[in-house]
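[1] sequence? don't have it. structure:
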């Protein structure tokens, strides 16, 4: 007796124009999906019946016959179909970012209808709101570099036989906000700050003198033992739950010294345990801030935060608590 065929993977990509749908479809195509952009909604089920390879399709307000109610009904039928393994990605970005992208490319917004781009963005967001509500994955590309977007899609939608749990350890500065995709966040601002040493200030946590300074903090050994002991047992559990993508964020005041050193050390520790790990340093200029082995464009030096330029931050116990090319 033949075993039943495995469900056919189907990824639908929707969202705001200019938010990165095309980039997501290109990544899925590289992963081995057959891709089609904006087919008539009535064709999707026909495409599924005619092939067996994984399929990715872009749908949005430009699709022929697009109506939110019809799209929702189609999604419900596909999710109920045992022969299909469907997922819906919704791409979005902040209005200011979308406006900048349209200004740079001089493209017309598909729903602007001769009005301002802002009006087209608002109309499209309202039209697609029901799809966002039922999306399996909402991707905000406002400050997401293309290499990180690729890594995220590869991690979550890689086909069977591809990579397992994809780990990213990222350093950042708290005053500039948490990384949007962080799953675990650790605060290392309690460690002694190399910023106040004029010799160490121009260096980063990737330099040996800074690493030695941070490691010499009397509280560092106990913190490190707890951090490694906390993270390592979690990873097999994430794998068992089917998670494909995990970002561990390490933050300090300026994102240049303590968080960079701890992120590098944690990544090395996890690699020695056999995990595949990438490292990103959000606040470091290229080429030192390597993301998925690709450098981010140069950035202006980070503005010193109060903790890095004023009085030292108060000592506290051990707390355990990304511009590349715009995605289109």
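    Great, that's in hand. What you see is a predicted model, and the numbers here were worked out from it, not measured in a lab.

[2] which residues of this structure score low on pLDDT?
    Flagging of the chain using pLDDT under 70 yields the residue ranges 1-5, 63-65, 104-108, 110-115, 160-164, 242, 286-328.

[3] care to break it down by domain?
    Using automatic domain parsing, the domain parsing of the chain gives 8-142, 166-309.

[4] gap between residue 147 and residue 17?
    According to Cβ to Cβ, to the nearest Å, residue 147 and residue 17 sit 22 Å apart. Any C-beta I mention is one placed from the backbone N, CA and C, and that applies to glycine too.

[5] that should have said residue 239, apologies.
    Computed as Cβ to Cβ, the residue 239 to residue 17 distance reads 36 Å.

[6] which ones are touching residue 171?
    Residue 171 is in contact with 205, 249-252, 255, 259-260, 262-263, 280-284, counting by Cβ atoms under 8 Å, 6 or more residues apart in numbering.

[7] tell me the secondary structure at it.
    For residue 171, the reduced secondary structure class is strand; criterion used: DSSP: H, G, I helix; E, B strand; the rest coil.

[8] so who does residue 68 touch?
    Residues in contact with residue 68 (Cβ under 8 Å, 6+ apart) are 127, 128, 129, 130, 131.

[9] what strand or helix carries the last one?
    It refers to residue 131. Using DSSP states H and E, the element containing residue 131 is helix 117-133.

[10] what helices or strands is the helix or strand following that helix leaning on?
    If you walk from helix 117-133 toward the C-terminus, the next helix or strand you reach (DSSP H and E) is strand 137-140. With contacts taken as 3 or more Cβ pairs under 8 Å, 6 or more residues apart in numbering; DSSP states H and E, strand 137-140 sits against strand 84-92, helix 146-157.

[11] who wins for neighbours among the contacts of residue 68?
    When neighbours are taken as other Cβ atoms under 10 Å, the top entry among these is residue 128 (23 neighbours).

[12] from memory that residue sits against residue 13, does it?
    No. Shown here, residue 128 and residue 13 do not form a contact pair, counting by Cβ atoms under 8 Å, at 11.8 Å.

[13] what do these two both touch?
    Contact criterion Cβ under 8 Å, 6+ apart; no residue bridges residue 128 and residue 13 by contacting each.

[14] picking that back up, quick one: residues in contact with the helix holding residue 131.
    Where contact means Cβ under 8 Å, 6+ apart, the residues beyond helix 117-133 that reach it are 14-17, 60-61, 68-69, 71-72, 75, 88, 90, 92, 95, 98-99, 102, 109-113, 138.

[15] buried stuff in that helix?
    Within helix 117-133, the residues that count as buried by 16 or more other Cβ atoms under 10 Å are 117, 120, 121, 123, 124, 125, 127, 128, 131, 132.

[16] between these, which is nearest residue 35?
    Residue 35 lies nearest to residue 131 out of the buried residues of helix 117-133, by Cβ to Cβ, at 18.6 Å.

[17] how much space between that closest one and residue 271?
    Remark: distance between residue 131 and residue 271 (Cβ to Cβ) = 39 Å.

[18] ok, residue 82 next?
    For residue 82 relative to residue 271 (Cβ to Cβ), the value is 40 Å.

[19] kindly report the same for residue 68.
    Distance from residue 68 to residue 271, by Cβ to Cβ: 46 Å.

[20] can you check residue 249 too?
    Using Cβ to Cβ, we find residue 249 at a distance of 18 Å from residue 271.

[21] more neighbours: which of the two?
    More neighbours surround residue 249 than the other of residue 249 and residue 271, with 23 against 14 (other Cβ under 10 Å).

[22] for the more buried one, which non-adjacent residue is closest in space?
    residue 182 (3.9 Å; Cβ to Cβ, 6 or more residues apart in numbering).

[23] then residue 9?
    The nearest residue in space to residue 9 (Cβ to Cβ, 6+ apart) is residue 54, at 4.0 Å.

[24] right, and the one you found touches residue 86 too?
    No. Applying Cβ under 8 Å, one finds residue 54 not in contact with residue 86, separated by 11.2 Å.

[25] of the contacts of helix 117-133, grab the buried ones for ChimeraX.
    Isolation of the buried members of the contacts of helix 117-133 (16+ other Cβ under 10 Å) is achieved in ChimeraX through the command below:
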select :14,15,16,17,60,61,71,75,88,90,92,98,99,102,109,111,112
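
[26] now, the contacts of helix 117-133 that are in helices?
    Helix and strand membership here follows DSSP state H; of the contacts of helix 117-133, those in helices are 68, 69, 71, 72, 75, 95, 98, 99, 102.

[27] this completes my enquiry, with thanks.
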